[in-house]
Each structure stands twice: as structure tokens, then as C-alpha cells.
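Colleague: here is a sequence with its predicted model. Questions after.
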Amino acid sequence: MAGITDQPFRKICSHYGAALTFSEMMSTNPRVWHTEKSKLRLAHHQDAGINAVQIAGSDPIEMAAAAQVNVEYGAQIIDINMGCPAKKVNRKMAGSALLQYPDLVKQILEAVVNAVDVPVTLKIRTGWDKENRNCLEIAQIAEQAGIQALTIHGRTKTCMFEGDAEYDSIRAVKQHISIPVIANGDITSAEKAKFVLDYTNADAVMIGRGALGSPWIFNQVNSLIEKKSITLAPSLDEKCAVILQHIRDLHQFYGVEKGYRIARKHVTWYLQGIQPNSVFRQAFNAITSPEEQLIALEDFFNLILMDKDNNVRTTT
């Protein structure tokens, strides 16, 4: 997810059990490969696990070249994005726009697979719109091209993120191809992850928006699937400590001018699971100093932890 799955966030998700985390989507336009923004997106830390880099574009030659450059930079998996529904991406005939052109999809996949010696994976949606669900056709093209795993988001491009994800298409694809299939869409709890796995018979699930403000969801999913029991979410004390460290890491990773801005959206997501109606969010978003952000967060967390302790004493 562009602007979200940066190195600091991937490290946290990996710590809490995410088996594989992907970089932010990288453009295959060679003019941006060496920009500061691209370097940040490609930055990897061993604590984030396997270095999987996602690329997006529409020209087979550029896509192949971008894959080679990223492998030279250390990518251990190349993931091709043909699922992004964003207008600015689709206008460049990238992301889910490519689902309209199976022949071009085939050219891109074959070019990238032949260009690198690391596994190449693919992410798609179920189709361009509800009248043109062609994920099975695309999946078969991908398998024949040498794609090693396929992720399917259970919506069409025109659905964007509206409505409920549909899993029947994912189930059908799984029945017709032999490469691993990863189910994605609306997985916001361990119970939902298990349901999707059981219903689609997919080999794994991918969690995107469900991890925002709740990176510990991966531990809970793993526990339910592997041990048949749900691991409780971290204590409030642990959550507060993790959030503070995440914000420190963002400040260090992005620097003074950008770090505090990136921190705002993550704090908003975290607060949804702690104090969703808190007026603190508005005050926090007005802060323009990394140091003041940390002080404000520490003071806020100390207050809610104190309230929790007082409530425990009162009830006991």
C-alpha cells in the first residue's frame, strides 16, 4: 500500500507474525528509480523478513528493466501490481486497468519472469467490472507465464473498496490452477481470515487495511489457524509502547520535515482501537514537531493507562 507499507510498518507487521510483507508500489518509470522517494520505498531491513518489492507499469520492457534493477538492489521477490484501482494509476494503463487487456498482461508477465532469477508473483482483482470478471483467464495466463503465486482481491476495479468482497471468484480460480492462491479483501479479524481460507481453499490470506492500527492481527490469525485458539490482542501497555516506537522509527526514517506528517495517519488508525472518539487526535494533528509529538503521545498514554489502573482498583 503506497504511503503505508514502508520499512517501519513492515517491521512491526513482521514482528507480529506477518509471513511476507511487500514494499510500497514502485513505478517502472526509469526517471523515478533513483529519486529520494523511490529510495525510501525500496529501503529494507532484515527485521521485515523477505525483501519483496511490488512494481506497477504497463510497458513490458520497462517492467522487465525495473524488475532487474530492484533485484540488483536486493529484492528477493518481485510482485507485479495489476490490482490497484486508483485513477492516477489506471490513467497510465497500470494496476487493475491492465485486466482489460489479457494479451498485454501475458506480455508483461513473460517479460518480467524471463528478466529475473527470483520468484515473480502477481496481484489482481476479480476483473474490470462486474460484467467482466476475468480473473480465471488472467490466472491461467499467469500460471503459464511462470508466476509463482497469485493474490486476488475480491472486488472488481470499478468496485474500488465499496461493498463486500466476494470470494466465489477466488474459490473458482483456486480450483483451476496449481500455483498458490492468496485471498485478499475485507479480512479484519482472525475469524474472518479462517472463514476466507476455508471457503476459498486458498493457500494463504493477505491483509491490507485490516492491519492499519492493528498490526498484531497477524499473530491472532496465525494462532487461530495453527493452534485453533485466538491469541488476545496485546495489553494496552504493550500497544502504547509499540505505537511510541513506531512513531520514533517514522521520525528517524523520514526525517524531521516528513516524519511527523506520516506519523499522523498511523496515530489516527491506532486510536481507533484505543480511544476512537478521543479529541486528542485533532490536537495531535496540529503538532509540527517530532519531539512534541512524542511528548504529547507519552502524556496521552500515561493518562489512559492511569485511568485503566484506577478502574481496575475500583472494580476490584
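Modeller: Thanks, I have the structure now. Please read these numbers as outputs of a predicted model, since none were measured by experiment.
Colleague: which stretches of this protein aren't confidently modelled?
Modeller: 30-43, 308-316 (pLDDT under 70).
Colleague: which residues are in contact with the residue lying closest to Gly127 once chain neighbours are set aside?
Modeller: Nearest residue to Gly127, sequence neighbours excluded (C-beta to C-beta, 6 or more residues apart in numbering): Arg133, at 3.6 Å. Where you see a C-beta, it was placed from the backbone N, CA and C, and this is true even at glycine. Each residue near Arg133 by C-beta atoms under 8 Å, 6 or more residues apart in numbering is listed here: Thr126, Gly127, Thr156, Ser169.
Colleague: Serialize the residues you listed to a markdown table and add fields for neighbour count.
Modeller: Below are those laid out as a markdown table (neighbours: other C-beta atoms under 10 Å):
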| residue | neighbour count |
| --- | --- |
| Thr126 | 31 |
| Gly127 | 23 |
| Thr156 | 24 |
| Ser169 | 22 |
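Colleague: ok so Asn81 is a strand residue?
Modeller: Yes - under DSSP: H, G, I helix; E, B strand; the rest coil, Asn81 falls within a strand.
Colleague: test my guess that it contacts Ala52.
Modeller: No - if you go by C-beta atoms under 8 Å, Asn81 and Ala52 don't touch, sitting 11.9 Å apart.
Colleague: one step back: and the residue nearest to Gly127, which of the three is it?
Modeller: Once three-state DSSP is applied, Arg133 turns out coil.
Colleague: again with the one 10 residues further on
Modeller: Three states are possible here, and by three-state DSSP the one that applies to Glu143 is helix.
Colleague: I'd assumed Val181 was in contact with it.
Modeller: No - in this structure, Glu143 is not within contact of Val181 by C-beta under 8 Å, at 10.2 Å.
Colleague: between those two, which one's more packed in?
Modeller: Val181 (22 against 18; other C-beta atoms under 10 Å).
Colleague: and the spatially most central residue of the chain, what are its phi and psi?
Modeller: Central residue of the chain (C-alpha atoms, centre = their mean): Gly208, 4.2 Å from the mean position. The phi/psi pair for Gly208 (degrees, to the nearest 10) reads phi -110, psi -90.
Colleague: quick one: it from Trp269, how far?
Modeller: 12 Å (C-beta to C-beta, to the nearest Å).
Colleague: per-domain residue ranges of this structure.
Modeller: 7-227, 236-314 (the TED database).
Colleague: roughly how far out does the longest one sit from the chain middle?
Modeller: What that stands for is domain 7-227. Mean C-alpha position of domain 7-227 versus that of the full chain (C-alpha atoms, centre = their mean, to the nearest Å) differs by 9 Å.
Colleague: try stretch 244-255
Modeller: 19 Å.
Colleague: before we move on, what about stretch 286-302?
Modeller: The answer for stretch 286-302 is 27 Å, by C-alpha atoms, centre = their mean.
Colleague: do stretch 252-268 as well
Modeller: Taking mean C-alpha positions (C-alpha atoms, centre = their mean), stretch 252-268 and its chain are 18 Å apart.
Colleague: now tell me what touches that stretch from outside.
Modeller: With C-beta under 8 Å, 6+ apart, stretch 252-268 has contacts from 3-4, 6-9, 40, 43, 212-213, 243, 246-247, 250-251, 281, 284-285, 287-290, 293, 297.
Colleague: before we move on, what about stretch 269-289?
Modeller: 212-214, 236, 239, 243, 260, 264, 267-268, 293, 296-297, 300, 304.
Colleague: show me how to select, in ChimeraX, the buried members of the residues you listed.
Modeller: To isolate the buried members of the contacts of stretch 269-289 in ChimeraX, using 16 or more other C-beta atoms under 10 Å:
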select :212,213,214,239,243,260,264,267,293,296,297,300
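Colleague: what ranges do the strands span in the protein?
Modeller: Per DSSP state E, the chain carries strands over the ranges 26-27, 52-56, 77-82, 120-125, 149-153, 181-184, 204-206.
Colleague: will you turn the ones you listed into a markdown table that also has distance to Leu99?
Modeller: Compiled in a markdown table, the strands of the chain are given as follows (distance: least, C-beta to C-beta, whole Å):
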| stretch | distance to Leu99 |
| --- | --- |
| strand 26-27 | 19 |
| strand 52-56 | 13 |
| strand 77-82 | 6 |
| strand 120-125 | 6 |
| strand 149-153 | 11 |
| strand 181-184 | 15 |
| strand 204-206 | 18 |
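Colleague: right, and those strands - which one's nearest Gly17?
Modeller: Among the strands of the chain, the nearest to Gly17 by C-beta to C-beta is strand 204-206 (12.3 Å).
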